[in-house]
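S.K.: Generate a structure from the sequence data that follows.
(2 chains)
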2 protein chains.
Amino acid sequence: MQQKKIVLLICDGMADRPDKEHNNKTPLEVANKPNMDKIAKEGICGLMNPIGYGIPPGSDTAHLALLSYDPYKYYTGRGPFEALGAGLNLGKDDIAFRCNFATAEKKNDKLFITDRRAGRGEFGLEKLGDMLNFQIEDVKAIFKTSSGHRGVLVLRGKNLSEKISDSDPHSEGEIKNVVPLDNTNSSKRTAEILNKFTRKAYEILNNSEIQKERLNKGMPPANIVLARGAGKIGEIPKFNEKYGMNGVCIAGVNLVKGISRAVGLDVAEINGATGHKDSNIGSKIDACIKELKGDKHDFILINIKGTDEISHDGDFKGKVEMIERIDTVLAKLLEEDLDATIALTADHTTSVTVREHSGDPVPVAILGDVRTDEVYKFSERECAKGGLGVIKGSDLLNILMDLSERGKKFGA
Amino acid sequence: MQQKKIVLLICDGMADRPDKEHNNKTPLEVANKPNMDKIAKEGICGLMNPIGYGIPPGSDTAHLALLSYDPYKYYTGRGPFEALGAGLNLGKDDIAFRCNFATAEKKNDKLFITDRRAGRGEFGLEKLGDMLNFQIEDVKAIFKTSSGHRGVLVLRGKNLSEKISDSDPHSEGEIKNVVPLDNTNSSKRTAEILNKFTRKAYEILNNSEIQKERLNKGMPPANIVLARGAGKIGEIPKFNEKYGMNGVCIAGVNLVKGISRAVGLDVAEINGATGHKDSNIGSKIDACIKELKGDKHDFILINIKGTDEISHDGDFKGKVEMIERIDTVLAKLLEEDLDATIALTADHTTSVTVREHSGDPVPVAILGDVRTDEVYKFSERECAKGGLGVIKGSDLLNILMDLSERGKKFGA
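M.R.: So this is what the prediction gives:
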C-alpha cells in the first residue's frame, strides 16, 4: 500500500473545561463546527495527555512531545526556540535569550526600569535591534527584533553556559545584576558578558537618533534590553533522520517555528500568518493543500495560535467564534480528498475560566485508514468515548505514521 | 483563579469483584449509597491501577503511589512505616521492625514459640514494652507497644543494615536465628544484635512481675518479642517541598499514619478512630470539614480501614453495610459545599470471595472543576465508562493538583 502524507493540525489551547456560565459546556461543545465533527465522525477519536496526566504543558514542551521528542530530554528553556523562530541560526553551544525592549533611567550610575515594554510602541525597534550586534571580548552578541516589543539575543563564543540568572527584573525597578547559577567558570564568565552587553546596549540605544524620534512622537525611549530564559539548544536528532519524512511547519508564532527549525522541519512563510487571533488561517490551509499536492514534504504541521490567545483573555464567545472560523477554512482541506492521514487536536487545554494552560487531556481525531468509532462530535467529552482511548502526546506520531504505512516493524 | 484545597478519601480495600453468591454483583453495586453516587454523577469518573495493571498492592505501597511517591523507590518494608505510625521517630539509618508479643518456652537453652500472639491478651503489654528500651553493645533498642499484641522495634546505631532475616518463625516452633541476607559486615552485625535483643528481651519479660499477673488471670505469658520486616526509611522528599501544599492525614490505622509521617504530612488525632470496622468515621469527616475551613492544611488524606478488614473476613453483607455507613457520614461533607476538589477512591481491591488484595483496578470519582461524564453510580463497572479513562495511582495527585489550580506548567 502506498505511503500517505500526514497532516497534524494543532489548534493551540483549543481544549477547555466546562464553563458554569455557559451551561456547563466547553467552547468546542458550543461551537457550530461541521467539518471538525466530520473528522470525528469519519475518523477515530480519543483523548491525549500531551505530557502526562495532570501536567499542564507549555506550548513548547507540548509541540516537542507531539513531534515525539521527549520534552524532559530536549526542552532547555524557551530562549533557543524563540531565537530560531525569529530566524537566527543557532549552534549547539550558543546561549539564547528572550528579550524585551524597555525604558531605563540612570541614577547614580544605576539603571532603573520605568517601563518593562517601552510603552509597547514598535517604532524604531527593528533598527535599534540591528545596533545590538557587536563583540564583547571574544564573544559575539547577535540580536534580532522579533514582534512587538520583543527580541532575541544570542551569545556566541567559547566556554559559555546557560546557567545564569536573568537581567530582567520582571517588574519595574533596578535592573538585575546577572549572576552564575552554578560554580563553573563558564557560568561566571557568561554572567559577566551579559552584564557588559546590557551596559553597552544602554549606551548605544540611549544615544541613538531614533530615541529622539520616539520622544518627539510622545513615546518612551526603548533604551535597554532585558534578557531572560537563557538556554542552549544542544544536539537534537533531525526529524527526517528519525522518521524518514521531510516535514514542514505552517505557523505564525515564533515559538512553534523555532521548535520546528530545531528539529529540522522546514518553515513555510505564510502571508498574513501572525500567530494571533487575526491570523490569516485560510492561507495556512491553502499552504497545507499545496504541500499535500507537492512532492517536497510528507509531514505537515499546522499551528493555529488564536484559540490559545483568546483563552488567556478569558473570552468564551471569542473562542467559540475562533473555532468556527477554523472550521470554515477546514472545509477546503476536506473537500480536496487528498488521501492523507489528518489529525486534528490541541497542544494543551487552556481554560477560559482559569485563563491558563491546564493538564486536562485534549481531544484528538484522526481521519484516514482507521477503525472508526461511535464518536460523531469533536469535543473533549465526546472524544473521551472514542476508539483510541487515552494516549500520550509522544504516542501520536507513531500512530499517524503507522496509519500512513510508514511504521517501522519491530521484530520479524 | 483561586487555588482549591484537595480531599483524598481512601476507603481501604473497598473495591471488589462480582460475587456469584450475590447475583454477580460487587458490594459497591449492592449498597445504597446516594452520596457516593452523587460524587460520581456530578464529577468525573474512571478506573485506577494503584501500582500497575494486575499488581495486587499492599495498603502501604498503594498509599505511597497515591501520594505520588514511587513505591518501587520508596517502599522499604512495612517496619519503618509501622514504627512511625506508632509514634516513634526514625532517623534515615535506623532499622525498624514490626513485632509480636508471643509466648515462649525454654528447652535445652532453646526458645520455642507456643503461641505467636501470646493469647492476644493485651494486659500488661504496654508496661512490658517499656522494659524493652535498652542498650546492646553500642546499639540502642527502642520499643513501643502499638495495638493488640503488636509492637515496633527500632535499632539505632552505626553501621546497621536492614538486610537480615526475621526472628519470627511465622508459625509455632523454635524461634529463628536471625541471619544476614548479604555478605556485608553491617548485616552480619545487625543480625547478631537482633539475636542478642531477643535473648535479653526474653530474660527481662519472662522474669517480670507482670507475667505472674497474666498467669493469675489465666493468660499465657507474653515473654518474648518476634521481629519481622526489617527496613530503613532512607531519605524521602517532603510532601510540602514536592507539591507546595501542607497536608494532613486523618486515619486510624498506624500503617497509614506512618506513611503519612514518613512523607511529612501532619497526622491528626481523631477520637475513636480505631482503624477497624467500629471506627468513628463520623469524627473523621468532621475533622476533614474543620481542616477545609481552617488555614493550616491544603491537602487532606482520609483513610477508612473498615472496608478492608471486613473484606479479609469474607463478609459481603458486612462490607455492604460498612459502605452504607461511610456514605451516610459523607453527606455532611457534601452539604458543606466548600469548593474543594474531592476524590473518592480505594487503595486497592480486596475481594470478599478471595479474602485478599487483588490487582483489579479501583473506581475513582473526582468532584470539582471537571469535565463531567455519563457515569451516575460509583462502582467498579460504572466508573469504567468514565471520562478519566484508566489512570495509574501515581497520576492521581497530579490530576487533583491540576484541577485545583496547583499544577506546575512545564514549559512556556
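
S.K.: Give me every residue in the stretch 101-250 of chain A lying close to chain B.
M.R.: A:Gly229 (Cβ under 8 Å from any Cβ of the partner chain). The C-beta positions use only the backbone N, C-alpha and C, and glycine is treated the same way.

S.K.: For the stretch 251-400 of chain A, which segments count as strands?
M.R.: Counting by DSSP state E, counting those that start in this stretch, the stretch 251-400 of chain A has strands at residues A:266-267, A:299-304, A:341-345, A:349-351, A:356-358, A:362-367, A:389-392.

S.K.: Please apply the same query to the stretch 51-200 of chain A.
M.R.: Taking DSSP E, counting those that start in this stretch, the strands of the stretch 51-200 of chain A run over residues A:95-107, A:110-115, A:134-136, A:139-145, A:150-156, A:173-174.

S.K.: Turn those strands into TSV, including mean pLDDT and mean neighbour count.
M.R.: Formatted as TSV, the strands of the stretch 51-200 of chain A follow (pLDDT from 0 to 100; neighbours: other Cβ atoms under 10 Å in any protein chain shown):
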stretch	mean pLDDT	mean neighbour count
strand A:95-107	95	23
strand A:110-115	94	17
strand A:134-136	97	14
strand A:139-145	97	20
strand A:150-156	96	24
strand A:173-174	94	12
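
S.K.: Now these in JSON lines, please, with extra columns for distance to B:Ser351.
M.R.: Listed next are those as JSON lines, based on distance: least, Cβ to Cβ, whole Å:
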{"stretch": "strand A:95-107", "distance to B:Ser351": "56"}
{"stretch": "strand A:110-115", "distance to B:Ser351": "65"}
{"stretch": "strand A:134-136", "distance to B:Ser351": "70"}
{"stretch": "strand A:139-145", "distance to B:Ser351": "65"}
{"stretch": "strand A:150-156", "distance to B:Ser351": "60"}
{"stretch": "strand A:173-174", "distance to B:Ser351": "63"}
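
S.K.: what's the closest of the ones you listed to A:Gly318?
M.R.: A:Gly318 lies closest to strand A:150-156 among the strands of the stretch 51-200 of chain A, at 23.3 Å (Cβ to Cβ).

S.K.: That closest one packs against which elements?
M.R.: Under the contact criterion of 3 or more Cβ pairs under 8 Å, 6 or more residues apart in numbering or on different chains; DSSP states H and E, strand A:150-156 touches helix A:78-85, strand A:95-107, strand A:139-145, helix A:185-206, strand A:224-231.

S.K.: I'd like those laid out as CSV, including distance to B:Asn49.
M.R.: Formatted as CSV, the helices and strands packed on strand A:150-156 follow (distance: least, Cβ to Cβ, whole Å):
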stretch, distance to B:Asn49
helix A:78-85, 35
strand A:95-107, 41
strand A:139-145, 49
helix A:185-206, 43
strand A:224-231, 37
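
S.K.: can you tell which of these is closest to B:Ile281?
M.R.: Proximity to B:Ile281 (Cβ to Cβ) singles out helix A:78-85 among those, at 49.2 Å.

S.K.: And chain B, is that closest one touching that?
M.R.: Yes. Under the criterion of Cβ under 8 Å from any Cβ, helix A:78-85 makes contact with chain B via A:Arg78.

S.K.: Next, the angle strand A:95-107 makes with that helix.
M.R.: If you take axes from the mean of the first three to the mean of the last three Cα atoms, to 10 degrees, helix A:78-85 sits at 100 degrees to strand A:95-107.

S.K.: In terms of secondary structure, what does helix A:78-85 contact?
M.R.: Using 3+ Cβ pairs under 8 Å, 6+ apart: helix A:78-85 touches strand A:95-107, strand A:150-156, strand A:224-231, helix A:254-263.

S.K.: Show me how the record splits chain A into domains.
M.R.: Annotated domains of chain A cover A:6-75+A:237-403, A:83-231 [automatic domain parsing].

S.K.: Can you give me the end-to-end span of the first one?
M.R.: Chord length of domain A:6-75+A:237-403, first to last residue, is 9 Å (Cα to Cα, to the nearest Å).

S.K.: for the last one, same thing?
M.R.: Using Cα to Cα, one end of domain A:83-231 lies 10 Å from the other.

S.K.: So what's the gap between it and the chain middle?
M.R.: On the basis of Cα atoms, centre = their mean, to the nearest Å, domain A:83-231 sits 21 Å off its chain's mean C-alpha point.

S.K.: What residues does the closest residue to A:Gly244 other than its chain neighbours make contact with?
M.R.: Spatial nearest neighbour of A:Gly244, chain neighbours left out: A:Arg406 (6.9 Å); criterion: Cβ to Cβ, 6 or more residues apart in numbering or on different chains. Going by Cβ atoms under 8 Å, 6 or more residues apart in numbering or on different chains, A:Arg406 touches A:Gln3, A:Lys4, A:Ile6, A:Tyr243, A:Gly244, A:Met245, A:Asp298.

S.K.: is it possible to export those to CSV including pLDDT?
M.R.: Formatted as CSV, the contacts of A:Arg406 follow (pLDDT from 0 to 100):
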residue, pLDDT
A:Gln3, 96
A:Lys4, 97
A:Ile6, 98
A:Tyr243, 95
A:Gly244, 95
A:Met245, 96
A:Asp298, 98
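
S.K.: Mark which of those are buried, thanks.
M.R.: Buried members of these, scored by 16 or more other Cβ atoms under 10 Å in any protein chain shown, are A:Lys4, A:Ile6, A:Tyr243, A:Met245, A:Asp298.

S.K.: Verify the stated contact: the third one with A:Ser404.
M.R.: When you say that, I think you mean A:Tyr243. No. Counting by Cβ atoms under 8 Å, A:Tyr243 stays clear of A:Ser404, with 10.6 Å between them.

S.K.: Which residue ranges of the stretch 201-350 of chain A form helices?
M.R.: Along the stretch 201-350 of chain A, counting by DSSP state H, counting those that start in this stretch, helices occupy A:209-216, A:239-243, A:254-263, A:281-293, A:306-312, A:316-336.

S.K.: Since that was my last question, I'll sign off now.
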